[in-house]
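Colleague: Take a look and give me a structure for this.
(one chain, ligands or ions: 1)
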Amino acid sequence: MTSKWFAPLLILAAFSGWLAASLFSGLTWLDTTTAIVQSSFLAALRMIIVPLIFFSLFSGVLQLRAAGAMGRLAGVTVAYYAFTSAIAITIGLIVVFFIHPWTAYPPLAEIPPLSSGLIDAEAGGVASLIGNLLNSMLVNPFSALAELNILGVLTTALLFGSAAALTLPTNSRWPALLEELTQTIYTCARWVLTTLPLGIFAITYQLTDRIDLNTLVSLGHFAGVVFGATAIHGVIVLPLIAWVLAGVTPLQLARAISQPVLTALMTSSSAATLPLSMTTAEEKLGVTRNKAAFVLPLGATINMDGTALFEGIAVIFLAYMFGVQIDAGSVIIIFLITMLASAGAPGIPSGSMAGLQVILLAVGIPLEAIGLLLLIERPLDTFRTAVNVEGDLVGALIAEKWS
Ligand code: ASP
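Modeller: Below you'll find the model as predicted:
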């Protein structure tokens, strides 16, 4: 999955899918085979998503308990990560609220939502909005798991995780056991993801009929909006936070972090950039070694500002393209789940794609929408990873100053 050949392979798969559809569309056996491959690939993804998010969140909360032992440093770090991720998503959603050039073109299809939708669009009013939200969150855990009620699954995992964190004795074997279970499910997810090129081939083949010049222009507009909004966060918001809260001017920051940010741009992986981020924090930003050793690995795992911002805009874009109604309730859901999904995204190229599916499912956007996004995903990943890494480094500065 992290192999350097994987990304080019995906592009090749998308290109071959498009080429095959342009040359051979109408060949019954090919139409049928790609339809079967597409639906089984998406079914395999759906199969793995629920256990994946349930166990990683459950065990994630328990890991935080271990981190909690570090007291104030952990508090400052987690608060900063949550705060900047919330700002990033808010920027994304505000920008996309005002700037959405793709709506000048017709959407790809007016298809009904996958689920019945979490929010009753007819209901209206803040009270019924909150009521509906709570109804989706507070459900029988087993039905949440069985019915792919993502909000219910997230709530259950957080609830169990917090209860376990408060109940289990410090020498309990459960956290390690849950972590091992999570790793096992990651292995299953990796197996499913190795079939990604095949899935992309089939999805692109099936989508090609529906992709025309308008769609490509819309994708270009979408990329422009993501670049613009990410730049606001990376060039204005984060440097401002570093300046106001840690006294480092934007110019000093830019000079100090240029190397890891460039590396993030080249590798599209915050995890791969981590060693360089650690030495940079210590040598150029003056962060104490043991603080950097706590804040940066945690940040490379859970603090993904660029990813959070991207996911918010992507969901609104795909909702339009696939004719899914987004109302106020859906925006709240997008905000909340994006916070968790970006925190859960691994720091590897295209690491956010699994979490993005969770958000799509939650608002009723069909999973094949991911196929459309993958056409433009690679260049966008470079940029958001750079901002992810910048966010971690600013986090290290804040932790140094305030803990
Ligand atoms: N590539 C990103 C990172 O490593 C994760 C993602 O948004 O896909 O930070």
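
Colleague: in the stretch 101-250 of the chain, what spans have low per-residue confidence?
Modeller: For the stretch 101-250 of the chain, the stretches flagged by pLDDT under 70 are 109-130, 132-133, 209-210.

Colleague: What count of nearby residues applies to whatever residue of it ends up closest to the ligand?
Modeller: With Cβ to the nearest ligand atom, the shortest gap between the stretch 101-250 of the chain and the ligand falls at Thr230, namely 10.9 Å. Every residue, glycine included, has its C-beta placed from N, CA and C. Each residue near Thr230 was counted by other Cβ atoms under 10 Å, and the total is 25.

Colleague: In this structure it contacts Leu309, no?
Modeller: Yes: the pair Thr230 / Leu309 is scored as a contact, 5.8 Å apart, by Cβ atoms under 8 Å.

Colleague: between those two, what contacts are shared?
Modeller: 384, 387 (Cβ atoms under 8 Å, 6 or more residues apart in numbering).

Colleague: Just give the nearest non-adjacent residue to whichever residue of the stretch 151-300 of the chain sits closest to the ligand, would you?
Modeller: Distances between the stretch 151-300 of the chain and the ligand by Cβ to the nearest ligand atom are smallest at Ser270, namely 3.6 Å. Nearest residue to Ser270, sequence neighbours excluded (Cβ to Cβ, 6 or more residues apart in numbering): Gly347, at 3.5 Å.

Colleague: separation between the one you found and Leu298?
Modeller: 11 Å (Cβ to Cβ, to the nearest Å).

Colleague: and what of Val95?
Modeller: To Leu298, Val95 is 28 Å away according to Cβ to Cβ.

Colleague: picking up where we left off before, between Gly347 and Leu298, which is the more surrounded one?
Modeller: A count of neighbours by other Cβ under 10 Å puts Gly347 above the other of Gly347 and Leu298, at 27 against 21.

Colleague: Do a quick rundown of the helices in the stretch 201-350 of the chain.
Modeller: 213-231, 238-246, 250-267, 270-283, 289-302, 305-321, 328-344 (DSSP state H, counting those that start in this stretch).

Colleague: among those, which is the most enclosed?
Modeller: helix 305-321 (a mean of 27; mean count of other Cβ atoms under 10 Å).

Colleague: roughly how far is the helix ranked longest in the chain from the heart of the chain?
Modeller: The longest helix of the chain (DSSP state H) is helix 28-68. Computed by Cα atoms, centre = their mean, to the nearest Å, the chain-centroid distance of helix 28-68 equals 13 Å.

Colleague: do stretch 162-177 as well
Modeller: The answer for stretch 162-177 is 27 Å, by Cα atoms, centre = their mean.

Colleague: can you start the count at 864 instead of 1 from here on
Modeller: In the new count, where the first residue is 864, that last one comes out as stretch 1025-1040.

Colleague: Give the full set of residues in contact with the residue of the stretch 1014-1163 of the chain closest to the ligand.
Modeller: 1127, 1140, 1162-1163, 1167, 1210, 1248, 1251-1252, 1255.

Colleague: how about the residues of this protein that lie near the ligand?
Modeller: 1131-1133, 1167, 1170, 1208, 1210-1215, 1244, 1247-1248, 1251 (Cβ under 6 Å from any ligand atom).

Colleague: Scan these and report the most crowded one.
Modeller: Top of these by neighbour number is Met1167, holding 35 neighbours under the definition other Cβ under 10 Å.

Colleague: what residues are up against that residue?
Modeller: Contact partners of Met1167, counting by Cβ under 8 Å, 6+ apart, are 948, 1133, 1205-1206, 1208, 1210, 1215, 1247, 1251, 1254.

Colleague: Can you lay out those residues as JSON lines showing distance to Leu872 and pLDDT?
Modeller: Output for the contacts of Met1167, formatted as JSON lines (distance: Cβ to Cβ, whole Å; pLDDT from 0 to 100):
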{"residue": "Ser948", "distance to Leu872": "31", "pLDDT": "94"}
{"residue": "Ser1133", "distance to Leu872": "22", "pLDDT": "87"}
{"residue": "Ser1205", "distance to Leu872": "25", "pLDDT": "86"}
{"residue": "Ala1206", "distance to Leu872": "28", "pLDDT": "81"}
{"residue": "Ala1208", "distance to Leu872": "21", "pLDDT": "77"}
{"residue": "Gly1210", "distance to Leu872": "20", "pLDDT": "80"}
{"residue": "Ser1215", "distance to Leu872": "19", "pLDDT": "86"}
{"residue": "Arg1247", "distance to Leu872": "21", "pLDDT": "95"}
{"residue": "Asn1251", "distance to Leu872": "23", "pLDDT": "96"}
{"residue": "Gly1254", "distance to Leu872": "29", "pLDDT": "96"}
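
Colleague: okay, these in TSV with distance to Thr1057 next?
Modeller: Shown next, in TSV, are the contacts of Met1167 (distance: Cβ to Cβ, whole Å):
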residue	distance to Thr1057
Ser948	30
Ser1133	22
Ser1205	24
Ala1206	25
Ala1208	19
Gly1210	20
Ser1215	18
Arg1247	24
Asn1251	25
Gly1254	30
